[in-house]
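1. Starting from these lines, generate the structure:
(one chain, ligands or ions: 1)
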Amino acid sequence: MSDPVRRPLITGAGRVETAGWTPIHARADGSLIAEVAEADAGDVDRAVRAADAAWPAWAALPPPERARALTAYAALVDAHQPHLADLVHRETGKPLGEAQAEVARAAEVIHHFAAEAERMWTQQMPGATLATGSWVRPAPLGVVAAITPWNFPVALVVWKLAPALAAGCAVVVKPAIEAPLAAWALCDLAERSGLPEGLVSCLTGDGPLIGEALSTHPRVAKVAFTGSRRVAERIAGWASPRLKALSLELGGHGALVVMPDADLDVAAEVATMQGYVNSGQACYAVNRVLVPPGLRGDLLERMRARIADITLGPMTTDRGLARHHMLLDEARGHDGVVVEGGEEVAPGRLSPALVTGAGPGVRLVDEEPFTPIVAVLEVPDTAAAVAEANRPDYGLVNYLVGRDLRGALETAQQLRSGTVAINGWRVVLPYAPYAGWRGSGVGCELGRPGLEAFVHWQHLRVLA
Ligand code: NAD
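-> Numbering: from 1, shown residues only. This next block holds a predicted model:
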C-alpha cells in the first residue's frame, strides 16, 4: 500500500512536518483520505510570529493592489471548486450537492471582500486649511486566529479569512480536526495564489492545545471563533483578560413562525429544507415550527410529503449520532410526544425526525439538537409564537412565513435574532451581517460590519 498523502503545517516558516500525524477518513466508507500534521505550542508561536511579520507590508499595499491579490486568490479558489467540494463531501459526509453549494457560496464571499478591500475608505473632515482637519482611517488589527468547526469547513474559514485579509490582517487558521482537509487546501491556495508567505497559515491538530496557545499568544490581536458555547466560554476565558478582540459565532435554535395567512407550501419547504440541511448539523437550522392550530394538520401533511423524498448523508461525528438518539429517547419519555422517523437507516445515516406533541421542558425543544430533528409546536396566536421563538437563550436565525408583508415585517422585528428569513430559506449573503444575539454569540461576520470587525479606527487630527 502506498503511503497516505500528508498535509504538513502551513506556516510562514514553510511547510512543517511534525512528529505526530492524524489520519482523516471519509465519513461515508471509512477510507483514509490523508493525514494531517499535529501542531504543538512551538508551531503556534512560529506561525503567529511569521504572521506578525507579514501583515504590516500587506496592510501598507495600496488598496487596489490588495484587492487585485485577493481577486487572484478568489480566481484560484474558483478553479479548484470541484476539488474543494469533493474534500468537504468526503471529510464531512455531506451530500456532494451541498458541498458544492457551500464552496460556491464561499468563493462569492472571497470575491466580495476582494472588492471591499478597494472600498476601504478614509473619512475626512476638512479643517481651516487644505492641510488640516481630521482623517479617520481603518487600521488593521494585526494577527487574527480563526478557530472553526467541522460542519461548514470551507465557509466558516472564508467568513473570517476574506474580510480579515481585505482589512490588512494576517490569519492563522485552526480548522476542526474532524474535517481539516478543505480548510488546509484553502490556505494552500492562498499561498499558491501569490499572497505573501506567513499571511495565511494553517495549524492542524489538537483543538484544546492549539486553541489555548492561540488565544493566549501575546501577538494575536483577535480570536474569531465559530463553534459550541462550551468551547467559546473557554476561549473567552483566555482571550478576554488579555484584552484581545473576540468574535464568537455559536449555536442556534431556529424557530419558524407560521403566520395565520402563510402559504403552507412555502412553510413546509422552509421547515424541511432548513430542518434537515447537512443532516441538521447547521447553526441556522429550523428546530421548532410554530404553527396556529387550524394550520397544523395541513402543514404536517405537506412536510411529510417532502420528508419522504429526503436522503441524508452520514452524520459527521459519532458524538452527533449518539446525541440524536439520546434526544429522541428523552422526548419519547414525555407524555404525548410522537416521533416519526429519526432512525438509523444505515450505519451512521439517519432519516429525518419529525416530532409532535413536544413543548418546553423537552430537551430537543430547549437545546440545539445539531441533528436532523424538527419539532412542530402548536401555538394559539402570533404573540405566543414570538414568545416561544424568543424563549430559549439563542438568537441566531429565525424564519417567518406569511403573505401580508407588513405583518410579517412587524412580527420579524420582535424576534430576537441576528437574522430573520421571511418567506424563504436562503439566509447567508456576503453583503449582509450574520450575527448571533444573546447565547448565540458576540460580534458578527460578513457584510460591512464583518469587515470592520477586523479594524480599529484611528483619528489623525492635523491642527496646523
Ligand atoms: P466545537 O466548539 O467543539 O469546536 C469548534 C472549534 O474549537 C474546533 O476547531 C475545535 O477543534 C476547537 N476546540 C475544541 N475544543 C477546544 C478547547 N477546549 N479549546 C480551544 N479550542 C477547542 O464545535 P463543533 O462541534 O466543531 O461545532 C458545532 C457547533 O458550532 C454548534 O454549536 C454549531 O451551532 C456551532 N456553529 C455556529 C455557527 C455560526 O455561525 N453561528 C456556524 C456553524 C456552527
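
2. Is it correct that Pro64 falls within a helix?
-> Yes - counting by DSSP: H, G, I helix; E, B strand; the rest coil, Pro64 falls inside a helix.

3. Excluding chain neighbours, give the residue nearest to it in space.
-> Closest residue to Pro64 in three dimensions, ignoring its sequence neighbours and counting by CB to CB, 6 or more residues apart in numbering: Glu118, at 5.4 Å. Yep, even glycine has a C-beta here, placed from its N, CA and C like the rest.

4. Next, count neighbours for the one you found.
-> A count of nearby residues for Glu118, using other CB atoms under 10 Å, gives 17.

5. Then Val286?
-> For Val286, the tally of surrounding residues (other CB under 10 Å) stands at 27.

6. can you pull the contacts of it?
-> Gly254, Ala255, Leu256, Val270, Ala271, Gln274, Gly275, Val374, Tyr399 (CB atoms under 8 Å, 6 or more residues apart in numbering).

7. coming back round to it: pull the contacting residues for the residue nearest to Pro64.
-> Pro63, Pro64, Arg66, Ala67 are the contacts of Glu118 under CB under 8 Å, 6+ apart.

8. What's the first helix or strand after the one helix or strand it maps to?
-> Secondary structure assigned from DSSP states H and E places Glu118 in helix 96-119. Sequence-wise, the next helix or strand downstream of helix 96-119 (DSSP H and E) is strand 123-126.

9. Show me what that next one is packed against.
-> Judged by 3 or more CB pairs under 8 Å, 6 or more residues apart in numbering; DSSP states H and E, strand 123-126 is in contact with strand 133-140.

10. Distance from the helix or strand that the strand it packs on is followed by to the middle of the chain?
-> Next along the chain after strand 133-140, taking DSSP H and E as the criterion, comes strand 143-147. Computed by CA atoms, centre = their mean, to the nearest Å, the chain-centroid distance of strand 143-147 equals 14 Å.

11. Would you list the phi and psi of the spatially most central residue of the chain?
-> Central residue of the chain (CA atoms, centre = their mean): Leu156, 4.1 Å from the mean position. Dihedral pair for Leu156: phi -80, psi -20, per degrees, to the nearest 10.

12. Kindly provide the distance from it to Arg49.
-> 25 Å (CB to CB, to the nearest Å).

13. Next: Val258.
-> Going from Val258 to Arg49 by CB to CB gives 54 Å.

14. So between those two, which is more surrounded?
-> Val258 (29 against 17).

15. What strand or helix carries the residue in the stretch 51-200 of the chain positioned nearest to the ligand?
-> Closest residue of the stretch 51-200 of the chain to the ligand, CB to the nearest ligand atom: Pro149 (3.0 Å). Counting by DSSP H and E, there is no helix or strand that carries Pro149.

16. Need the pLDDT of the nearest residue to it once chain neighbours are set aside.
-> In space, and not counting its chain neighbours, Pro149 is closest to Gly227: 4.5 Å by CB to CB, 6+ apart. Gly227 carries a pLDDT value of 98.

17. Tell me which residues touch Gly227, please.
-> Contact analysis of Gly227 by CB under 8 Å, 6+ apart lists Ile147, Thr148, Pro149, Ala176, Glu249, Leu250.

18. Pull the residues that contact stretch 404-420.
-> Contacting residues not belonging to stretch 404-420 are listed as 252, 254-255, 257, 259, 261, 284, 382, 386, 389-390, 394-402, 422-423, 427, 432-438, 440-441, 444 [CB under 8 Å, 6+ apart].

19. cool, and stretch 78-92?
-> Taking CB under 8 Å, 6+ apart as the rule, stretch 78-92 contacts 24, 26-28, 33, 77, 94-96, 99-100, 102-104, 107, 150-151, 153-154, 178-182, 185-186, 189, 278, 313, 316.

20. Is it in proximity to the ligand?
-> No - in terms of CB under 6 Å from any ligand atom, no part of stretch 78-92 sits within range of the ligand; the closest distance is 10.8 Å.

21. Need the CA coordinates for that stretch. PDB is fine.
-> Taking C-alpha atoms only, stretch 78-92 is exported to PDB below (Å, rounded to 0.1, in the frame of the first residue of the first chain):
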ATOM      1  CA  ASP A  78     -12.900  29.200  -8.300                       C
ATOM      2  CA  ALA A  79     -10.700  27.000 -10.400                       C
ATOM      3  CA  HIS A  80     -10.400  24.500  -7.500                       C
ATOM      4  CA  GLN A  81     -14.100  24.500  -6.500                       C
ATOM      5  CA  PRO A  82     -14.600  20.800  -7.600                       C
ATOM      6  CA  HIS A  83     -11.600  19.700  -5.600                       C
ATOM      7  CA  LEU A  84     -12.600  21.600  -2.500                       C
ATOM      8  CA  ALA A  85     -16.200  20.400  -2.800                       C
ATOM      9  CA  ASP A  86     -15.000  16.800  -3.100                       C
ATOM     10  CA  LEU A  87     -12.900  17.200   0.100                       C
ATOM     11  CA  VAL A  88     -15.800  18.700   2.000                       C
ATOM     12  CA  HIS A  89     -18.100  15.900   0.800                       C
ATOM     13  CA  ARG A  90     -15.700  13.200   1.800                       C
ATOM     14  CA  GLU A  91     -14.400  14.500   5.100                       C
ATOM     15  CA  THR A  92     -17.900  15.600   6.500                       C
END
